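J.: quick one, structure for this:
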Amino acid sequence: MSNFVPVLLKAEQLNILIVGYGRIGRRKAEKYLEAGASVCSIDPDPNQNADFVMTFETYIKTHEAHFSEQHMVYICTSSTEANETVMGSCQAAAKLYNRTDAGNLGQFSDMAYLEAEDYLIATSGKAASPHMAKFLRSSLKEWLCSLSFEAAYKEWRNRK
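T.: Below you'll find the model as predicted:
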């Protein structure tokens, strides 16, 4: 039995903090921005164009009130030590966090999903394999397209 519980969240009500604004951090931010969430990013490298150009330690010291307003934190740096520090701060402040370098240490996992007018189907690699979730999503999409989903659904409903 998995210790994960699938949940759908209304993104427009979320404050998301991205720590490490490289390729992965930007991809996470784009997903939430498109869904209407409030997203803030931190990276010490000014070339990454993060909202806060500083280390996480400096951010916590100078923006503690801002950190307290965040609902979820993505930890996306390439430094295990920095990720451990961010994770410790999240645990101390009871923040939900996702470790992109060690999914098994995070508290939530992103899901790949298919959305249509009448349904949302989400798949997950259980924080260990985002490629598995994408493969499952792709396979489901192919299956639904070949099935003529709407017709099959109507037929199924009429059986009852």
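
J.: from here on, contacts and neighbour counts on C-alpha atoms
T.: Will do.

J.: centroid residue for the protein?
T.: In the chain, the residue lying closest to the centroid (Cα atoms, centre = their mean) is Asp110, at 4.3 Å.

J.: so that residue, which of the three states?
T.: coil (DSSP: H, G, I helix; E, B strand; the rest coil).

J.: endpoints of stretch 63-77, how far apart?
T.: Its first and final residues considered, stretch 63-77 spans 19 Å by Cα to Cα, to the nearest Å.

J.: on that earlier part again, the residue nearest to the centre of the chain against Ser124, yeah?
T.: Yes - judged on Cα atoms under 8 Å, Asp110 makes contact with Ser124 at a distance of 7.2 Å.

J.: ramachandran angles for the residue nearest to the centre of the chain?
T.: Taking degrees, to the nearest 10, you get phi -70, psi 150 for the backbone angles of Asp110.

J.: can you check the one 4 residues further on too?
T.: Geometry field for Leu114 lists phi and psi as phi -110, psi 130, criterion degrees, to the nearest 10.

J.: tally of neighbours for it?
T.: By other Cα atoms under 10 Å, the residues close to Leu114 number 14.

J.: can you list the low-confidence ranges for this protein?
T.: 1, 127-128, 160 (pLDDT under 70).

J.: quick one, domains of it?
T.: Per the record, the chain has its domains at 11-105, 112-159, by automatic domain parsing.

J.: what's the first-to-last distance across the shortest one?
T.: Put plainly, it is domain 112-159. Start to finish, the residues bounding domain 112-159 are 31 Å apart (Cα to Cα).
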